[in-house]
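Undergrad: Okay, sequence plus prediction incoming.
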Amino acid sequence: MRIAAIGFGNRISGVYKSCIRKVCPEARLVGLLDSDPAAARARLPVDERDGPIACDDVAELISRTRPDAVLVGTRCDAHARYAIALAPYRLPVFLEKPVATSMDDAIALERAWGSDGSKVVVSFPLRLTPLVRQAQAWLAEPATGRIAHVNAVNYVTYGGNYFDMWYRDNSVTGGLFLQKATHDFDYLAHLVGHPIVRVAAMALHGYVHQDLSLRQGEGDPDVSYHASIGTPETGMNEDCSSALIEFANGIHGTYSQVFFPRHATAARGATLSGKRSTISFDWATDRIRRAWHDRPEAEERMLRAVSGHGGGDEALAQGLVDLVRGVKSSPAPLQAGLESVYACLAARESSRTGTIATVRRWGQA
């Protein structure tokens with residue numbers, strides 16, 4: 001299986017080495033389009049470093065390497081641009097999230113792929129984790145009852161990444177709804193079975209993580225300070241943000257993400273309340289629980305992850321391989337990626353304007 005990569009940083013090289021090669025040992029990286037080809041090669045296993053052809057653009061990458069699939073792992077603001085450039089070739093594409101960081105890019109991406117978006121595997125591993133699959137199975141049982149409410153949280157103990165590394169550049173990430181909540185909005189919509197249609201959001205900027213110049217050299221080992229973080233006025237990632245969300249079937253819920261906690265504060269998961277029971281799960285503990293409303297009983301399971309992102313990365317890699325082989329459709333198609341981006345863009349706009357934002361719909365004129 002011939003694989004080409006556009007942007008071969010730590011994330012996408014990890015997916016290739018630890019997941020794609022695991023589920024498909026005959027896969028080989030045959031082409032690279034990267035701003036630093038030497039660093040990209042160094043991320044490969046030693047026996048593969050001389051194999052890939054370094055190319056200067058998408059057309060050369062496709063014509064010279066004849067790949068069966070292409071991985072797009074650039075920085076966030078370039079995901080859409082390269083996915084659009086790949087659209088005419090209609091090859092299977094593994095596309096990192098967020099699939100776009102602006103409305104113009106998102107609409108252009110949707111139009112470029114159209115009905116062939118099922119040939120794209122968006123990097124949404126959470127929807128494929130054992131915890132979400134178990135939640136789906138329970139939700140499908142009549143004994144659970146129709147979902148009426150959802151509540152999700154993400155306490156990110158590695159939040160310093162979004163202020164210490166290149167992620168601190170808000171113009172690249174587009175903000176942490178797009179960078180982080182895109183995962184969570186996706187798995188929630190996946191479980192509910194309907195996209196998000198309205199959002200009312202709030203965000204706090206510069207309260208914890210601040211521009212170093214504003215602190216006059218003050219340092220705190222648990223807080224990030226950088227001149228390039230930005231300010232609330234110039235644009236910066238948020239310390240925390242929350243959203244009230246409404247789905248197309250009329251139910252609603254809440255989501256909050258917090259980027260300054262550390263250590264044992266880690267939590268990421270959701271509580272979904274049905275008519276007859278409530279289901280809760282947390283990737284920090286690998287546990288899922290169902291409690292009944294009509295009796296004092298509960299059922300709990302531990303489902304340990306077998307790969308990154310709660311076990312979802314390997315499932316995504318298998319999905320890409322199955323797509324290339326023509327045996328299954330994409331487990332996370334472009335439509336899902338764009339519906340999440342549209343919801344995240346609405347959340348970002350709502351937090352800026354203080355209004356309730358309507359989410360653009362897939363296929364909207």
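TA: Done, it's in. Numbering: from 1, shown residues only.
Undergrad: and residue 223, how far is that from residue 204?
TA: 14 Å (CB to CB, to the nearest Å). Heads up, the C-betas are built off the backbone N, CA and C, glycines and all.
Undergrad: is it true that residue 336 touches residue 121?
TA: No. At 10.0 Å, residue 336 does not count as touching residue 121 under the criterion of CB atoms under 8 Å.
Undergrad: list the contacts for the closest residue in space to residue 56 that isn't next to it in sequence?
TA: Leaving aside its sequence neighbours, residue 56 sits nearest to residue 33 (CB to CB, 6 or more residues apart in numbering; 7.4 Å). Going by CB atoms under 8 Å, 6 or more residues apart in numbering, residue 33 touches 4-7, 54-58, 61.
Undergrad: Kindly recompute the last result at 6 Å.
TA: 6, 55, 61 (CB atoms under 6 Å, 6 or more residues apart in numbering).
Undergrad: Likewise for residue 188?
TA: 150, 152.
Undergrad: and the next element down the chain from the helix or strand where it lies?
TA: Element membership for residue 188 (DSSP states H and E) is helix 182-192. Under the assignment DSSP H and E, the closest C-terminal helix or strand after helix 182-192 is strand 196-204.
Undergrad: Which strands or helices does that following strand pack on?
TA: strand 240-247, helix 334-353 (3 or more CB pairs under 6 Å, 6 or more residues apart in numbering; DSSP states H and E).
Undergrad: Could you look over those and pick the most buried one?
TA: helix 334-353 (a mean of 25; mean count of other CB atoms under 10 Å).
Undergrad: Between strand 240-247 and that helix, find me the angle.
TA: 120 degrees (axes from the mean of the first three to the mean of the last three CA atoms, to 10 degrees).
Undergrad: how close does residue 299 get to residue 152?
TA: Residue 299 is 21 Å from residue 152, by CB to CB.
Undergrad: Can you report how many residues neighbour the residue lying closest to residue 45 once chain neighbours are set aside?
TA: Leaving aside its sequence neighbours, residue 45 sits nearest to residue 17 (CB to CB, 6+ apart; 6.6 Å). Neighbour count of residue 17, defined by other CB atoms under 10 Å: 15.
Undergrad: For residue 17, which three-state class applies?
TA: helix (DSSP: H, G, I helix; E, B strand; the rest coil).
Undergrad: Retrieve the pLDDT associated with it.
TA: At residue 17, the predicted lDDT confidence score is 96.
Undergrad: wait, what's in contact with the nearest residue to residue 156 once chain neighbours are set aside?
TA: Among residues not flanking residue 156 along the chain, residue 259 sits closest, at 5.1 Å (CB to CB, 6+ apart). Taking CB under 6 Å, 6+ apart, we find residue 259 in contact with 156, 159, 162, 239.
Undergrad: which two from the residues you listed end up farthest apart in space?
TA: The most widely separated members of the contacts of residue 259 are 156 and 239, with 10.7 Å between them, by CB to CB.
Undergrad: for the stretch 251-365 of the chain, what spans make up the strands?
TA: Per DSSP state E, counting those that start in this stretch, the stretch 251-365 of the chain carries strands over the ranges 252-258, 267-274, 277-282, 287-292, 298-302, 357-358.
Undergrad: three-state assignment of residue 148?
TA: Assignment for residue 148 (three-state DSSP): strand.
Undergrad: Mind listing the residues bridging to the residue nearest to residue 56?
TA: residue 6 (DSSP bridges).
Undergrad: Going by neighbour count, list what's buried in stretch 47-61.
TA: 48, 52, 55, 58, 61 (16 or more other CB atoms under 10 Å).
Undergrad: following the helix or strand hosting residue 3, which helix or strand shows up next?
TA: Using DSSP H and E, residue 3 falls within strand 2-6. Going down the chain from strand 2-6, the next helix or strand is helix 10-14, by DSSP H and E.
Undergrad: Touching that next one from outside, list them.
TA: 43, 71, 73.
Undergrad: Tell me which of those residues fall in strands.
TA: residue 71 (DSSP state E).
Undergrad: Any regions of the chain where pLDDT drops low?
TA: 216-219, 365 (pLDDT under 70).
Undergrad: hmm, 90 instead?
TA: Counting by pLDDT under 90, the chain shows low-confidence ranges at 47, 142-146, 210-228, 304-308, 310, 365.
Undergrad: which residue is nearest the centroid of it?
TA: residue 183 (3.8 Å; CA atoms, centre = their mean).
Undergrad: Relative to residue 237, how far out is the closest residue to that one other than its chain neighbours?
TA: Of all residues beyond its chain neighbours, the one nearest residue 183 is residue 126 (5.1 Å), with distances taken as CB to CB, 6+ apart. Distance of residue 126 to residue 237, computed by CB to CB: 21 Å.
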